[in-house]
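Student: What follows is a predicted structure for the sequence shown.
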Amino acid sequence: MKTLLLLLSLAMPAVALAQNPSAAAVPTTKILAIGHIVTAQAANRQAIMPSEVRETVKLYLAGKIDSWYVRKDQPGVVFLMNLATVKEAQELLEALPLGKAGIMEFELIPIGPLSPLQYLLAEPAAASIQHP
């Protein structure tokens with residue numbers, strides 16, 4: 001699959017995208033939220049964690065969080081959120097207890113379908129047929 005995607009990206013001339021700018025546009029369907037701890041108030045954080053987990057589970061059960069992971073490189077979390085705007089993700093995450101306390105911040109990355117795949121749907125150019 002990686003090879004196919006690499007070949008697609010190399011085979012697509014930039015001119016084609018320039019001629020049809022809407023071809024590169026894809027909708028935002030999810031938000032990747034990468035959270036990290038911004039303060040060392042460990043005692044305060046431990047007191048907040050039960051309500052943080054409870055509120056996060058509510059977002060999961062409401063379908064706002066698709067999946068969640070713990071960061072292995074530093075204290076924090078990674079959420080894949082079912083949202084179409086960074087603004088909505090920011091509002092939801094800032095309303096969580098750790099966000100309200102100023103203990104956790106998120107990097108929010110809008111993501112969507114892989115746009116080069118649309119080239120697989122293009123009609124093939126008509127081949128010229130040569131007669132003997």
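Tutor: Noted; the coordinates are in hand.
Student: Would you map the strands across this structure?
Tutor: Assigned by DSSP state E, the strands in the chain fall at 30-37, 65-70, 77-81, 104-111.
Student: from the ones you listed, which stretch is densest packed?
Tutor: Ranked by mean neighbour count under mean count of other C-beta atoms under 10 Å, the strands of the chain are led by strand 77-81, which reaches a mean of 21. The C-beta positions use only the backbone N, C-alpha and C, and glycine is treated the same way.
Student: Ignoring the adjacent residues along the chain, who's closest to W68?
Tutor: F79 (5.1 Å; C-beta to C-beta, 6 or more residues apart in numbering).
Student: Helix or strand with the lowest mean pLDDT in the protein?
Tutor: None of the helices or strands of the chain scores lower by mean pLDDT, DSSP states H and E than helix 14-19, at a mean of 43.
Student: rewinding a little: so the residue nearest to W68 sits against K30, correct?
Tutor: No. Between F79 and K30 there is no contact under C-beta atoms under 8 Å: 9.7 Å.
Student: since we're on T28, how many residues are nearby?
Tutor: Residue neighbour count, defined by other C-beta atoms under 10 Å, stands at 14 for T28.
Student: Report pLDDT for it.
Tutor: If you check T28, the pLDDT there is 89.
Student: How about M1?
Tutor: In this prediction M1 is given a pLDDT of 52.
Student: Many thanks, we can stop here.
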